[in-house]
Structure formats: structure tokens, C-alpha cells
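Chemist: Following is a predicted model, sequence given first.
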Amino acid sequence: MRSGWILAESQPAGQEVITAEDISSQEKSTSQSTTQQATDPNYAMPVRNPKPQLHSMILLILMFGILYIVMFRTPKKKQQEQQRMIQSLKKNDRVQTIGGILGTVIEVNDNEVTLKIDESNNTKMKVTATSISRVVG
């Protein structure tokens, strides 16, 4: 009780002081009410709202949709653009390979592209069509 009195003295005016006796009496009343609820046959459990489950389900579906777009749709679109660019290659196009080599297209076969690298030495190089990264303007 002495500690409760010290707390009361240190509290500003207008605030309620909670003592150890108040806390123990609250604990007893809550334990009694829970035992009454467990033994009472007429006591009904509170009904939970199903909306939080619906919100979490919608969020989960949305996350899977974004994951699908990022992981599957975007790389597929880039691959289709690469295929269109390779199919549209023609003689005298200036291209850059994946390795950074710049050259002029001389011949295009099914899977090979012949590039002229150096004009003065007439250096030619054969590369796979998929190794062409972009057409330089």
C-alpha cells in the first residue's frame, strides 16, 4: 500500500492511480467470467466477420497476378521482339552483337548471320542469329 501512496503523490492532478490491489481484483473477475463462459451452455461464441478472409484472398490473387506478369509475360514479350528483329535483318544493316562487336550484315541464313567487321581488311565474322542484340541506326 505504501508504493501505491508514493505513486499517487508523483501523479499529476486529474489522473487515476492504479494500485496492485486493483490489478489483482481485475484478474480475479476476468478469470471468473471465462470459467462461467466455458460452463454456461447458453453462451454463444462471438461470430467473426468473414470479410478479412476475403480481403486477404483478394490480396493473394493480386500478388500472384503481378508475379505472373513480372516472371513470365515480360521476358516472353522481349523474346518475341528479339525474334521479330532477327527476322527483319537484311543486307547492309548495321548491328551490334551481344559481345559488343559492331558490324554490317552481309548475308542472313536460317541460324547464321555473316557480318563485315572491318572495311579496310575485309574482315568477316559468322555469328548465330540470336547473338545479335540490336540494330544500330
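Modeler: All right, it came through fine. Remember, predicted model here, so these are calculated numbers, not experimental data.
Chemist: Same question for stretch 90-108: list its buried residues.
Modeler: Residues of stretch 90-108 classed as buried: 93, 95, 97, 103-105, 108 (neighbour count, 16 or more other CB atoms under 10 Å). Every residue, glycine included, has its C-beta placed from N, CA and C.
Chemist: Can you name the residues that contact the nearest residue to residue 108 once chain neighbours are set aside?
Modeler: Among residues not flanking residue 108 along the chain, residue 89 sits closest, at 5.1 Å (CB to CB, 6 or more residues apart in numbering). Counting by CB atoms under 8 Å, 6 or more residues apart in numbering, residue 89 makes contact with 95, 105, 108, 113, 129, 132, 135.
Chemist: Using JSON lines, lay out these together with secondary structure and distance to residue 59.
Modeler: Formatted as JSON lines, the contacts of residue 89 follow (DSSP: H, G, I helix; E, B strand; the rest coil; distance: CB to CB, whole Å):
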{"residue": "95", "secondary structure": "strand", "distance to residue 59": "45"}
{"residue": "105", "secondary structure": "strand", "distance to residue 59": "50"}
{"residue": "108", "secondary structure": "strand", "distance to residue 59": "49"}
{"residue": "113", "secondary structure": "strand", "distance to residue 59": "48"}
{"residue": "129", "secondary structure": "helix", "distance to residue 59": "43"}
{"residue": "132", "secondary structure": "strand", "distance to residue 59": "42"}
{"residue": "135", "secondary structure": "strand", "distance to residue 59": "43"}
